[in-house]
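S.K.: Let me see the structure of the following:
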Amino acid sequence: MSEIEIFNLIMIFFSFVGVGVFILLFFVSAPYGQHIRKGWGPNLNNKLGWFLMEIPTVVIFLIIYLLGDRKTSVSSILFLIIWMVHYEQRTFVFPFLIRTKQPMPVTIITFGLIFNGINTYLQARWIYTLSAPYPNDWIFSPFFIIGVCIFVLGIIINLHSDQ
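M.R.: Numbers count the residues shown, from 1 in each chain. Here you go, the predicted model:
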């Protein structure tokens, strides 16, 4: 089985899991923050838990970028910068902004780590290997410009909400 076939199977699996989790969360609240409760296994400090959940987003993306053959194109570098700005903030800064002292169940940390690891692989591998390369002038396209505007708006909202 080729990597693209495996990639597509993971995408299909993730789609079904996403629909299943979406439906499940109407009936079960995820046990973290104000919804923490017993029965979900041992707990960890929420700052450490958040860091552990998010660290794959930085490490995996950077590894795939460095091992890829599209390191020098403008769009590849911009994708790296955009990704790293967001996830370095979520991984290394946000945990110190968490005010609550509620612990986080190891099961939630594990689910987050698995999701973030697989999602990061899918995103980075598509950008740096499996898709057709983005031409350098693509950064002037409406798709890229609108996407960057949405990203900037999103990060402003995130930063404001973190305060």
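
S.K.: Assign Gly18 to helix, strand or coil.
M.R.: Judged by DSSP: H, G, I helix; E, B strand; the rest coil, the three-state class of Gly18 is helix.

S.K.: Distance check, it against Leu25.
M.R.: Gly18 is 11 Å from Leu25, where distance means C-beta to C-beta, to the nearest Å. Quick note: C-beta positions are derived from backbone N, CA and C, even for glycine.

S.K.: Please give the element, helix or strand, for the residue nearest the centre of the chain.
M.R.: Centroid-nearest residue in the chain: Asn116, 4.9 Å away (criterion: C-alpha atoms, centre = their mean). In the assignment (DSSP states H and E), Asn116 maps to helix 106-125.

S.K.: from the chain's centre, how far out does the next helix or strand after that helix sit?
M.R.: Along the chain past helix 106-125, the next helix or strand (assigned with DSSP H and E) turns out to be helix 142-162. The offset between the C-alpha centroid of helix 142-162 and the centroid of the whole chain comes to 15 Å, using C-alpha atoms, centre = their mean, to the nearest Å.

S.K.: what does stretch 104-121 give?
M.R.: Here the centre of mass of C-alpha atoms in stretch 104-121, compared against the chain's by C-alpha atoms, centre = their mean, lies 10 Å away.

S.K.: Since that was my last question, I'll sign off now.
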